[in-house]
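Asks: Mind folding the following:
(2 chains)
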Number of protein chains: 2
Amino acid sequence: MHPSDNQTVENTSTKVPDPVASLQEERTNPAFPVSEMTCLIDGGQRLVDKKRAIFLELERDPNWIIEDYPNLSLEQTRERTMKKVKGVADKLLYESREDFVYRMSLMSVVDPGFWTRFGVHFGLFLGALQGQATPSQFNYWVKKGALSLGGLIGCFGMTELGHGSNVAGLETTATYDHDKDQFIIHTPTTTATKWWIGGAAHSTTHCAVFARLIVDKKDYGVKTFIVPLRNPETYELLQGVSIGDIGKKMGRDQIDNGWIQFTNVRIPRSYMLMKLTQVSSSGKVTEHPMAQLTYGALIMGRVSMVSDSANIAKRALTIALRYAAVRHQFSSGSQGSPETKLLDYPIHQHRLLPLLSQCFAMIFAGKKLNAQYESLTQKLSTASSKAQEFEVLNDLKEIHATSAGLKAFCTWTTLNIIDQCRQSLGGHGYSAYSGLPAMYQDFAVHCTWEGDNTILMLQCGRFLVSSAEKYVNGKPTPKNLSYLEKSASENKLVSCTSDDPNVICSLETLKEGWACVSGYSILRAYKVYANKLKSGCSQEEAYEASSSARLHAAKMHITAYLYHCLVESIALPECTNPLKKPITELALLFGSSMATQNSGEFIQSRFFNSKQVNILRNKVDELCLSVRKMAISLVDSFDYPDYVVNSPFGRKDGNVYESYFNLVKKLNPHKPIPYFESVIKPLLNRSLDLEEGPDLEIDNQ
Amino acid sequence: MHPSDNQTVENTSTKVPDPVASLQEERTNPAFPVSEMTCLIDGGQRLVDKKRAIFLELERDPNWIIEDYPNLSLEQTRERTMKKVKGVADKLLYESREDFVYRMSLMSVVDPGFWTRFGVHFGLFLGALQGQATPSQFNYWVKKGALSLGGLIGCFGMTELGHGSNVAGLETTATYDHDKDQFIIHTPTTTATKWWIGGAAHSTTHCAVFARLIVDKKDYGVKTFIVPLRNPETYELLQGVSIGDIGKKMGRDQIDNGWIQFTNVRIPRSYMLMKLTQVSSSGKVTEHPMAQLTYGALIMGRVSMVSDSANIAKRALTIALRYAAVRHQFSSGSQGSPETKLLDYPIHQHRLLPLLSQCFAMIFAGKKLNAQYESLTQKLSTASSKAQEFEVLNDLKEIHATSAGLKAFCTWTTLNIIDQCRQSLGGHGYSAYSGLPAMYQDFAVHCTWEGDNTILMLQCGRFLVSSAEKYVNGKPTPKNLSYLEKSASENKLVSCTSDDPNVICSLETLKEGWACVSGYSILRAYKVYANKLKSGCSQEEAYEASSSARLHAAKMHITAYLYHCLVESIALPECTNPLKKPITELALLFGSSMATQNSGEFIQSRFFNSKQVNILRNKVDELCLSVRKMAISLVDSFDYPDYVVNSPFGRKDGNVYESYFNLVKKLNPHKPIPYFESVIKPLLNRSLDLEEGPDLEIDNQ
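Replies: Model (predicted):
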């Protein structure tokens, strides 16, 4: 036969089904109006339109090309990021604060590393000024360019080589010199070196330095000082300031983290931020502890990280689910029958759809937390009596604990979602151009900064244990913990008594179940703690001994909270009638799949028995199948354009293979093998004779 | 005061405890002889010595510098790797196969990406020749340089853009041309493009291409053909061969993966590997199906990945545990008291020590699996009767299923260990120089290649379900599944009846418990499958419907298997008396911590009740404390030199901060900010006046 005959044979061999048609068929007869879901998720049509406008602006801006990121060097990445900073800084002059915050949250999905670089000045440095500077100090730094970046770019000098989470243990000193009315900023040891300081390596002129205030040999603990680092005209380092580049990180290479050492650097006394602590020229130190302010500042970052987790999860799931609707692999029928869509395999549904329900839970939890936080800061600023202030402060403590737990839980959840989505792409998930490796690497730091997740979970757990203690002692419990009343005694535990699958897996039963399990876990942690106290341990020792149980209780409480948010959203006025069914199914899938993952707790708390757990397992299978039918509409409703999804595998049109191939070719054009002459050729042409050496006479003796 | 007075004040402020002393104190009075443990782990003093010699050779070889890897570009990484290939190729001429395999397994810890690049030729290409070439074909390619790399470097052309796991679905064609006695190799579609081909982009002259054999328009399925790609003298691509670089990946940038398209490329008929299928010059096709050979080849890669998982986990745990013994954070006592060692926090013990027990379980499972595999291949080659062959083949099926499950379970476990270790370092884990980010990125692919983990787990689960079916029907069950006999009926389930913590958490009880849970899960999956069959589903449909239960059953079975391996190792003659206690505690920690993680299954199978699970939880706390005391000796016994650990945080001497700081400075020397003039200066000095435009007369109307 001749090659030209090939055609007739090929048609009989296996063919990959048309990817575009495979994805498109998922969109015929959508189970709900996709654009209404987008409105619900984004918070109304106005914000949907604004989002689209911002994404379009970015897509058309040459500094915002992102598809070639995997191929850029560290230097190229940083340079392009600084160009973005310049462009965005000008936006600040035109936009309202609310609009600008929205813009930043969207930019953080498109380029998380840019967000960090920009946020170091506008979030951390400026935040330090806003929170800790007196009004005249604030005005002074604004005139220097703190708002406009006109002459000043700031960084945030908190963490040191030897101390991260434990700010109170920092070693850098700020010693008051009466004679010159100056502070001397000094790095006494290697471990006191300021470390991880974002923007220090290349970008910044000033640093908000956390240092121990020392006046007349007395140590007043850690305060904040503005220390100039570089000459803003030449960027030469100032006398006594040593700075180095921290170099390569797991991700977020857009930001130039550096280390800083100060060797007896002198600053005017007025460069210490004095809203909360004042040092007079005579060296008199006056402190105004204002706990709620500290709370507020800590909470803000965490609150936004819940929505951020949801926003990143949306991107990962868009990629994985669209690809699952395009990719066919193996045929489940007889040999030669067409291959099955990944999304039609029950195991693939189990891999991805519970994650989709987690994403929706985070979306609504983020909304709720944001609203709570805004309402509280509003109340705090208008509180007109001590009683009002006290009430707000109590609410603030609760939101502080909840936000700590939510930050930890949601960032862990999203990190897992990204990795599961990557694995679900098979080998292609390992390509940098799938977008998922960098997503993981960039996101991973969320589990560590703004409080290490384990420590935050324990903080949340400590609040839960102390609430349980209050409850047991007859004092009022926080609003979110009303379920403790039902679970306070094992004898009073609520149980599910039905064996009807539709009762066992109903919104109401799962709500009771999660409240029961959560209460059970909290009381178990409380018992460990209380028993240790009884046996003579100190409170701290008792808390330490209960840490494993506390962490677990916090996980159960936050799961219950997320489930609650998802269920509540069904009753929201913005949740229009056609959206109620899909959200209900997502809530059921979230509640039931998390319950089967924690089946031990459900049985131990006696809410479900073994048989009911097995019934619930079957319901999870059913729910997966039912959510599978609307999976593509659900990710379509996230409404991320291809530019933002930034992965050929997540393209809206499904044209996965062509666009992946074209992208790889475009970013890796043909060029000569750079080390052929120097390495490969000598290898192929080397002599293979073993060196034998001269003959030895003794061998013949 | 004057700056010179600083010294007296600083002494009163918080000081970071001496890291060297902190680590050293862990080594006073070791709980067991560390060098004996090393012998047990490595398989005797001879192998310990050999390992040390190999590591020393690498450390002193300039091509094997690894500390600067995070700072190398893709091109630099690939060039250095090719230099290593050249050096190692010569070793092949001098060393025995056994020694060379050992060398390669150690090199894969030091530089996993090198191992892949080298393994593509020596494992995959040469493996294809060994498995599928006739003796005279094999000799032909050896003469061409297949063993020595003298003139030939091969790659392995299996996966395509549209097909990975499902090899039977590949699209590339090899059409026989009678007239010329040639095959025509052709890529008919974009999705048929050979994809991920390691070594294709830069290094290789030949490819073992998987393509559909087509003779006289009949499709005989996928066979293997050796296709020349480049002129070995010039590395110019041959006519009809198109190759491109696949570019950046999540990790393993040492290997130059590429894509290949063939456009009617002609090769002699004799370039088809004809051990299993022959095509005569008249176009007659003869097939010899030899299932056991296929099994054997599949198993080999998986078997080694269990030991590899353990070897990488050792490195991650060495870093995390040594750092945990050095790092102090927060004081658990009154203010001003010294900060607590991370390793002394119960929660940090819970984070890391169960992972350490998992590492030991993988070490012994790897040994057992290797021994089983070697003994079986030995038996297979000496089997002298059909009956013997049949028996060996049955064992091979079992080891095939077990190795599939173990590969999946162990690679997932190690990926999790790496990430948990990274997170346990706090912010420093995010530095590329901690070694953990690249370890994660390099290792992640293990969960996908040699069979996607989910698919392998399901294969293992299918074997378990079919074994359960055999058992239920009164046929003999495989050796490792004898526990099915105990759990076949819910009425006959074994339960633990004791409430003595030392009985509940004993080697024997946990062994029974894991057998019970494993049997329970397998039978549950079998029931799902059998019920579907009864309801009229096909066998394939029934398997699909049971996939979630099957996956779970496989996880339980493999956990039980790992626990078993760890317990068995206590009775080994090489496990000397002083080692029995530490291994016993590790086994108890593994068995109990995995049981509390799967408490639902233990209660559902009625092996433990709720109260016993709580008792077990307390025992896990105790075991963590007890293993904590020997944690540093245990990681010391892994006996990885600093060069191999390749992380300042895992240094043996504990001098963490100085060496981290020095490494960062060395790899990121001071240089001018490259984009100061072009980007930063214009930003700082830009005009901030808003563009107002000309006055408009209409505004005054």
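
Asks: ok, how many other residues are close to A:Leu93?
Replies: By other Cβ atoms under 10 Å in any protein chain shown, 11 other residues sit near A:Leu93. (C-beta placed from N, C-alpha, C; glycine too.)

Asks: Low-confidence stretches in the stretch 1-150 of chain A?
Replies: For the stretch 1-150 of chain A, residues meeting the criterion pLDDT under 70 lie at A:1-14.

Asks: Quick check: closest non-adjacent residue to A:Ala200.
Replies: Spatial nearest neighbour of A:Ala200, excluding adjacent residues (Cβ to Cβ, 6 or more residues apart in numbering or on different chains): A:Gly258 at 3.2 Å.

Asks: Which phi and psi values does that neighbour adopt?
Replies: With angles defined as degrees, to the nearest 10, A:Gly258 sits at phi -140, psi 170.

Asks: Distance-wise, check it relative to B:Asp68.
Replies: Going from A:Gly258 to B:Asp68 by Cβ to Cβ, to the nearest Å gives 19 Å.

Asks: just A:Tyr660 next, same as before
Replies: Distance from A:Tyr660 to B:Asp68, by Cβ to Cβ: 32 Å.

Asks: what do you get for A:Cys624?
Replies: For A:Cys624, the distance to B:Asp68 - Cβ to Cβ - is 47 Å.

Asks: More neighbours: which of the two?
Replies: A:Cys624 (24 against 14).

Asks: Please, where are all the helices along the stretch 51-200 of chain A?
Replies: In the stretch 51-200 of chain A, the helices defined using DSSP state H, counting those that start in this stretch lie at A:74-94, A:97-110, A:112-119, A:126-132, A:135-143.

Asks: and the angle for whichever helix in chain A runs longest with helix B:386-424?
Replies: Longest helix in chain A, counting residues (DSSP state H): helix A:386-424. Put simply, helix A:386-424 runs at 150 degrees to helix B:386-424, going by axes from the mean of the first three to the mean of the last three Cα atoms, to 10 degrees.

Asks: What residues sit buried inside helix A:386-424?
Replies: For helix A:386-424, the neighbour count (16 or more other Cβ atoms under 10 Å in any protein chain shown) marks A:392, A:395-415, A:417-424 as buried.

Asks: Could you restrict the residues you listed to the ones contacting chain B?
Replies: A:Arg422, A:Gln423 (Cβ under 8 Å from any Cβ of the partner chain).

Asks: closest to chain B out of the helices of the stretch 51-200 of chain A?
Replies: helix A:74-94 (4.3 Å; Cβ to the nearest Cβ).

Asks: Okay, angle between the closest one and helix A:112-119 too, please.
Replies: Using the same axes, to 10 degrees: helix A:74-94 against helix A:112-119 is 50 degrees.

Asks: name the helices or strands packed onto helix A:74-94?
Replies: helix A:97-110, helix A:112-119, helix B:681-684 (3 or more Cβ pairs under 8 Å, 6 or more residues apart in numbering or on different chains; DSSP states H and E).

Asks: does the longest one come close to chain B?
Replies: No. Residues of helix A:97-110 are not located near chain B by Cβ under 8 Å from any Cβ, the shortest gap being 15.7 Å.

Asks: Could you pull out the buried residues of that helix?
Replies: A:Tyr102, A:Arg103, A:Met104, A:Ser105, A:Leu106, A:Met107, A:Ser108, A:Val109, A:Val110.

Asks: distance of A:Thr134 from chain B?
Replies: Counting by Cβ to the nearest Cβ, to the nearest Å, the gap from A:Thr134 to chain B is 25 Å.

Asks: Can you name the element that comes right after the helix or strand of chain A with the lowest mean pLDDT?
Replies: Here the helix or strand of chain A ranked lowest by mean pLDDT, DSSP states H and E is helix A:6-10, holding a mean of 42. Next in sequence after helix A:6-10, counting helices and strands by DSSP states H and E, comes helix A:19-24.

Asks: in the strand or helix carrying A:Tyr561, what counts as buried?
Replies: For A:Tyr561, the host element (DSSP H and E) is helix A:547-570. The neighbour-count check on helix A:547-570 (16+ other Cβ under 10 Å) flags A:547-567, A:569-570 as buried.

Asks: now, which of these lie close to chain B?
Replies: Among these, chain B is touched by A:Ser547, A:Ser548, A:Ala549, A:Leu551 when using Cβ under 8 Å from any Cβ.

Asks: Of those, which is the nearest to chain B?
Replies: Nearest to chain B among these, with distances taken as Cβ to the nearest Cβ, is A:Ser547, at 4.2 Å.

Asks: Next, count neighbours for the residue lying closest to that closest one once chain neighbours are set aside.
Replies: Distances taken as Cβ to Cβ, 6+ apart put B:Ile347 closest to A:Ser547, at 4.2 Å, once the chain neighbours are dropped. Residues lying near B:Ile347 (other Cβ under 10 Å) number 20.

Asks: B:Ile347 is in what secondary structure piece?
Replies: helix B:346-382.

Asks: what is the rounded mean pLDDT of that helix?
Replies: Averaging pLDDT along helix B:346-382 gives 94.

Asks: Show me what counts as buried in that helix.
Replies: B:346-369, B:372-373, B:376-377, B:380.

Asks: packing partners for that helix?
Replies: Checking 3+ Cβ pairs under 8 Å, 6+ apart, helix B:346-382 ends up next to helix A:453-472, helix A:547-570, helix B:291-326, helix B:386-424, helix B:547-570, helix B:577-597, helix B:610-629, helix B:631-636.

Asks: export those to CSV and tack on mean pLDDT and distance to B:Asp177?
Replies: Formatted as CSV, these follow (pLDDT from 0 to 100; distance: least, Cβ to Cβ, whole Å):
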stretch, mean pLDDT, distance to B:Asp177
helix A:453-472, 95, 63
helix A:547-570, 97, 63
helix B:291-326, 88, 29
helix B:386-424, 92, 38
helix B:547-570, 97, 44
helix B:577-597, 98, 59
helix B:610-629, 97, 67
helix B:631-636, 98, 61
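
Asks: Can you lay out the ones you listed as a markdown table showing distance to A:Leu152?
Replies: Output for the helices and strands packed on helix B:346-382, formatted as a markdown table (distance: least, Cβ to Cβ, whole Å):
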| stretch | distance to A:Leu152 |
| --- | --- |
| helix A:453-472 | 33 |
| helix A:547-570 | 40 |
| helix B:291-326 | 37 |
| helix B:386-424 | 35 |
| helix B:547-570 | 56 |
| helix B:577-597 | 52 |
| helix B:610-629 | 49 |
| helix B:631-636 | 47 |
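
Asks: So for B:Thr187, which of those helices sits nearest?
Replies: helix B:291-326 (25.3 Å; Cβ to Cβ).

Asks: Please see if that closest one touches chain A.
Replies: No. Helix B:291-326 does not reach chain A (Cβ under 8 Å from any Cβ); its nearest approach is 10.3 Å.

Asks: For that helix, which residues meet the burial criterion?
Replies: Within helix B:291-326, judged by 16+ other Cβ under 10 Å, the buried ones are B:292, B:295-296, B:299-326.

Asks: Stretch A:580-600 now?
Replies: A:582-596, A:598-600.

Asks: check the residues you listed against chain B, which are close?
Replies: A:Thr596, A:Asn598, A:Ser599, A:Gly600.

Asks: Double-check the last one against B:Asn614; I have them as touching.
Replies: No. Under the criterion of Cβ atoms under 8 Å, A:Gly600 makes no contact with B:Asn614, lying 10.5 Å away.

Asks: Overlap of the contact sets of those two?
Replies: Common contacts of A:Gly600 and B:Asn614 (Cβ atoms under 8 Å, 6 or more residues apart in numbering or on different chains): none found.

Asks: And A:Asn531, how close does it get to A:Ser521?
Replies: For A:Asn531 relative to A:Ser521 (Cβ to Cβ), the value is 16 Å.

Asks: Next: A:Val88.
Replies: For A:Val88, the distance to A:Ser521 - Cβ to Cβ - is 44 Å.

Asks: How about A:Tyr640?
Replies: 36 Å.

Asks: This completes my enquiry, with thanks.
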